[in-house]
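Participant: Please find the sequence and the predicted model below.
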Amino acid sequence: MAHSDDEGLVLPPALAPIQVVIVPIFKGKEQLELIREKADVIRKQLLAKGISVKFDDRDTQTPGFKFAEYELKGVPVRLALGARDLENGTIEIARRDTKEKKSFKIEETVTQVESLLTDIQQNIFNKALKFREENTTKVDSFEEFVKVLDTKGGFILAHWDGSSDTEEKIKEETKATIRCIPLDAKEEAGKCIYTGKPSTKRVVFARAY
């Protein structure tokens, strides 16, 4: 959910059940067999590198339908291979996270895919981290807490006295609850935003939507 967009899932390569899909673009069985022969070599090379790959040779769906289907499913990398590509010795490689696509020499496929999977994994992590940081606000008073909730939302880092009673009162007044008590939160002397009692670290508050 954190990485996905209006077109569907965007799966981290490390979690994706299918990391690469090969979509043949063909007219007739003869073209498909020629493409299959080359695609099978690529598939075996990728599998040897520990990369999960699917060759979708269904003749009941168009390449465009398949492109949209695998975009919806969040498959990280898509390879498109047609008769003209075979003639030119090229293959089209598309990445799900940015939707960028480029043509490469067929013999570069495995190297490009390996590099791309690493890049996609890091890129979507960085994007999610940036989004979290941009939507996290530190507050030191209850007044500021309520203002941020009503104007910006997102996550709020605030001191809390450790009492479930205090959390319940904050929830009753603001509908915000503690979403997380960070394990790596740094120790810092502070005062609970609601009771003013001593606190040693901040916790993460947010409203559920």
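Facilitator: Looks like it arrived, so ask away.

Participant: And what about the residue most central in space within the chain, helix, strand or coil?
Facilitator: The centroid of the chain falls nearest to His3 when counting by Cα atoms, centre = their mean (3.0 Å). With DSSP: H, G, I helix; E, B strand; the rest coil as the basis, His3 sits in coil.

Participant: Identify the residues contacting Leu117.
Facilitator: Residues in contact with Leu117 (Cβ atoms under 8 Å, 6 or more residues apart in numbering) are 13, 19, 51, 76-77. No exception for glycine: its C-beta is placed from N, CA and C like everyone else's.

Participant: From the residues you listed, pick the one nearest Ala189.
Facilitator: Pro13 (42.4 Å; Cβ to Cβ).

Participant: What is the burial count for the closest one?
Facilitator: 24 (other Cβ atoms under 10 Å).

Participant: same thing with Tyr70?
Facilitator: Neighbours of Tyr70 using other Cβ under 10 Å come to 23.

Participant: circling back: roughly how far does the residue nearest to the centre of the chain sit from Leu11?
Facilitator: 7 Å (Cβ to Cβ, to the nearest Å).

Participant: next one: Leu117
Facilitator: In terms of Cβ to Cβ, Leu117 sits 11 Å off from Leu11.
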